[in-house]
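J.: Sequence first, predicted coordinates after that:
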Amino acid sequence: MVNSVYKINKGINKPIEFKGLKAQYIWWLGGGIVGLLLVFAILYVMGVNSFVSLVIIGLAGVAVFLWVYKLSNTYGEHGMKKKMARRSIPKVIKSYSRKPFLQYGTKL
């Protein structure tokens, strides 16, 4: 039997990365581009001069790219999800009753 040579995929658990963007930031950039396309269509239907709308969309596009790359570099693959999850944790838990601290089923 002939020995086969198999290519080993060494990046099996690595996150998806495209031009420096990691994981969910690719989707954020895609959504931003689609949003800019819709804004351009609205400006075109409203009758705004094409060159003016191109300048507006161009500047907004640069802003979206810079913003998404900044988020990707700041938070990394999971950092933004962790930050959003940290917001949902309450800062203080107030209890006006002793009931949560009493052990039920035991006699004092």
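T.: Looks like it arrived, so ask away.
J.: all helices of this structure, in order?
T.: Taking DSSP state H as the criterion, the chain carries its helices at 25-46, 50-75, 79-87.
J.: got the buried residues for the first one?
T.: The one in question is helix 25-46. Going by neighbour count (16 or more other CB atoms under 10 Å), the buried part of helix 25-46 is 25-26, 28-29, 32, 36, 40, 43. Bear in mind the C-beta positions are built from the backbone N, C-alpha and C, glycine included.
J.: Summarise which helices and strands that helix is packed against.
T.: helix 50-75 (3 or more CB pairs under 8 Å, 6 or more residues apart in numbering; DSSP states H and E).
J.: any low-confidence regions in the chain?
T.: For the chain, the stretches with pLDDT under 70 are 1-3, 11, 103-108.
J.: ok so, going back, would you list the buried residues of helix 25-46 in TSV and tack on distance to residue 66?
T.: Listed next are those as TSV, based on distance: CB to CB, whole Å:
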residue	distance to residue 66
25	12
26	16
28	12
29	11
32	11
36	14
40	19
43	22
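J.: Please identify which of these is nearest to residue 96.
T.: Nearest to residue 96 among the buried residues of helix 25-46 is residue 28, at 42.4 Å by CB to CB.
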